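J.: my questions concern the predicted model and sequence given below.
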Amino acid sequence: MKVHFIAIGGSAMHNLAIALCQKGITVTGSDDEIFDPAKSRLEKYGLLPKEFGWHPERITPDLDAVVLGMHARIDNPELLRAQELGLKIYSYPEYLYEQSKDKLRIVVGGSHGKTTTTAMILHVLAHCGIEADYMVGAQLKGFEVMVRLSHTAKVMVIEGDEYLTSPIDRRPKFHLYKPNVAIITGIEWDHINVFPTFDIYRDQFAQFINLIEPAGLSNSTGVLIYCDEDKEVHRVAVENQRTDIQKLPYVCPEHIVENGVTYLINRNVQNNPKTPLQVFGHHNLLNLTAARLACRQVGVTDEQFDEAISTFEGASKRLELVKKSDTCAVYKDFAHAPSKLRATIHAMREQYPGRKLVACMELHTFSSLTQEFLQQYRGTMDEADVRCVYFSQHALQLKKLPPLDPEEVRKAFGGNVEVFTDSKKLVERVIALMRKCVTNDASTTNTITQSHNNAINLLMMSSGNFDGIDFNQLANEIL
C-alpha cells in the first residue's frame, strides 16, 4: 500500500506518516518547509522529502491514498493533480477514522484538558497491559510518537480537536471520529475566526454527542462522559434527547493536599484509599476522573487505575516542572484560554499556598489577539501576586490582525497587570523579581504581596514560546 502526504511536516501529519511507516505502509510526502522536531524525526525514518516544494509529478495513479494537511491551500498543485487523477483524498482525521473504524474509539473532546485526559488514559492502559492505538496532541513520556496505528489493538484513543478538518473540508476534526466513548471536558468559546459566536461554537459539541455510535467490548451502547461542573457541558449533555447512549457525568473527586503533594481519596478502594499523585490542580483531578470513567469501559478496575495514575507525570507543557530548589520552582503550561488560565493559576495557589507566584502568559492564538475577545480574560490572573502579559506585534502581522495597544490589553485583563511586547524585557523583569524575592529584598513591596514568605514560584503560560524564550536557561538564571 502507498500513501502520499501533502504537507507532511505538520506536527500531526508527520506523526501519522511515521505511524503508517511503522505499520509497513510505503509513505511519501511533500511540504514547502519543515522545521524541527518534525524535520529530524522524518529524516530518522527516511521520510524527509529530498527537496522542499510542491511536486505534482509525485502524484501518480498507483497511490492508494493521499492525506491532505491543513497547511496546504485549496489550489495546491499536488492536490489539484490528485483530484484530476480521481485518487482517494483523505483529511488527517478521515484517515485516522479509516484506520480505526473496526476498533473501540474513545474520543476526548473539549476546549481544554484534551491532551492531559488522553495522556492519562493511555498511561493507565499501558500500565495495565491493554494494547491501544492512539493520537495525542503532545509528546508523552514513554511513547515514541504521537500517533500509533496497529493491526492488533482493539482500542483507539483519540484527542478530538474541534478545529477545521482540511482546506477542502470545513467540519471540526472531532466530528469525523464517530466515537463509541465520547468525553467532553469543558466548553469555552475559542477559534473565533471559524466560530464567530459562542452559540455556533457550543453547537459543535452538541453535534459531537449525536455522532456517538454503539460500542463494542464491555458496552452495547455508546457512552458520553461529561464534566458536570461545567455549566455549558452540562447544558449540551442534558439537552440531548438520545436515549440509546449511556451518560456518565463527573465532578472533582475527593482529595487532600499535604506537604506539597496531592492525594486522591477513593473510598471504593479498601486496601489503599489514599493515592499520592504527581500532578495537581482541580482541573487535573477533573481530567483524572474522566480518564477513570473511560478506562472502566475497557475493564480497568478502580484499584488498577489508582495504582497506574500514581506514576503519571503529566503531559508535555501541562503544568510541567522545569526546575526547582527548596525556595523556588519554575513551571510551564499550555494555558491560553481564559478558563484554563484561571484554573492553572489556581492550581499553583492550591499546591503552594505559602509561596508568592509570578504568572506570565502570552497572547498567541488568533482568538487571544483579537480585540473583542480580550474582554474574556478579565480577572483570570487575579490569584497571582505578579501578573505579566506578553504579545508580539509580529504575531499580529502574521495573523493579519490589527495592532493591539498594550494599555488596552492591560485594561482588558484588569487589576495590576504588566504588559510587554519585548520578550527580552519580560525575561529581565521576571529574573529581577524572582531574585529580589528569594533574597528577601525589601524593594519588592510595591510588586509582591508581603503576606507570604520568601519562597516563590514562576509560571509561564502559552501555546507558543514567548518568541523563543529558553525555559531551561531562564530557570537556571533564576535558581
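T.: The structure has been received and is ready for your questions.
J.: next, the most centrally placed residue in the chain: secondary structure please.
T.: Centroid-nearest residue in the chain: T115, 4.1 Å away (criterion: CA atoms, centre = their mean). The three-state label given to T115 by DSSP: H, G, I helix; E, B strand; the rest coil is helix.
J.: doesn't G314 make contact with it?
T.: No. Applying CB atoms under 8 Å as the test, T115 and G314 come out as separate, 9.9 Å apart. Just so you know, the C-beta spots here come from the backbone N, C-alpha and C atoms, and that holds for glycine as well.
J.: grab the nearest non-local neighbour of K340.
T.: Ranked by CB to CB, 6 or more residues apart in numbering and with sequence neighbours excluded, the top spatial neighbour of K340 is H112, at 4.4 Å.
J.: what sits against that neighbour?
T.: 185-186, 188, 283, 335, 337, 339-340, 343 (CB atoms under 8 Å, 6 or more residues apart in numbering).
J.: how far is stretch 466-477 from where the chain is centred?
T.: Distance of stretch 466-477 from its chain centroid, counting by CA atoms, centre = their mean, to the nearest Å, is 21 Å.
J.: let me fix that, I meant to ask about stretch 85-96.
T.: For stretch 85-96, the distance to the chain centre is 25 Å (CA atoms, centre = their mean).
J.: so that it lines up with my notes, have the first residue be 241 from now on.
T.: That works, and once the first residue is 241, the last one we named lands at stretch 325-336.
J.: could I get the average pLDDT for that stretch?
T.: On average, the pLDDT along stretch 325-336 is 95.
J.: mind listing what's buried along that stretch?
T.: 327, 329-336 (16 or more other CB atoms under 10 Å).
J.: any idea how far E547 is from N511?
T.: Applying CB to CB, to the nearest Å, the value for N511 to E547 is 10 Å.
J.: any idea how the chain splits into domains?
T.: Following automatic domain parsing, one gets these domains for the chain: 242-327, 335-549, 560-718.
J.: quick one: contacts for the residue nearest to the centre of the chain?
T.: T355 neighbours (CB under 8 Å, 6+ apart): 376-378, 399, 555, 558, 574.
J.: okay if I get these as JSON lines plus distance to R388, pLDDT and secondary structure?
T.: Below are the contacts of T355 laid out as JSON lines (distance: CB to CB, whole Å; pLDDT from 0 to 100; DSSP: H, G, I helix; E, B strand; the rest coil):
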{"residue": "V376", "distance to R388": "9", "pLDDT": "91", "secondary structure": "coil"}
{"residue": "G377", "distance to R388": "14", "pLDDT": "79", "secondary structure": "coil"}
{"residue": "A378", "distance to R388": "14", "pLDDT": "76", "secondary structure": "coil"}
{"residue": "E399", "distance to R388": "13", "pLDDT": "96", "secondary structure": "strand"}
{"residue": "A555", "distance to R388": "16", "pLDDT": "81", "secondary structure": "coil"}
{"residue": "R558", "distance to R388": "20", "pLDDT": "85", "secondary structure": "coil"}
{"residue": "F574", "distance to R388": "22", "pLDDT": "88", "secondary structure": "coil"}
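J.: what stretches of the stretch 541-690 of the chain score poorly on pLDDT?
T.: Scanning the stretch 541-690 of the chain for pLDDT under 70 picks out 678-690.
J.: which residues in it form strands?
T.: 560-564, 568-573, 596-603, 626-631, 657-660 (DSSP state E, counting those that start in this stretch).
J.: mind checking which of those is nearest N433?
T.: strand 596-603 (14.7 Å; CB to CB).
J.: can you report how many residues lie near the residue nearest to A548 when sequence neighbours are not counted?
T.: Leaving aside its sequence neighbours, A548 sits nearest to H367 (CB to CB, 6+ apart; 3.6 Å). If you count neighbours by other CB atoms under 10 Å, H367 ends up with 18.
J.: return the set of buried residues in stretch 709-719.
T.: 709, 711, 714-715, 718-719.
J.: picking up where we left off before, wait, a strand at the residue nearest to K580?
T.: No. H352 is assigned coil when assessed by three-state DSSP, not a strand.
J.: how far away is it from S607?
T.: On the measure of CB to CB, H352 and S607 end up 13 Å apart.
J.: same question, S460
T.: S460 is 40 Å from S607, by CB to CB.
J.: who has more neighbours out of those two?
T.: Neighbour totals were compared for S460 and S607, and S607 leads with 21 against 10 (other CB under 10 Å).
J.: next, count neighbours for H474.
T.: H474: 16 neighbours (other CB under 10 Å).
J.: need the contact list for it.
T.: By CB under 8 Å, 6+ apart, the neighbours of H474 are 466-468, 489.
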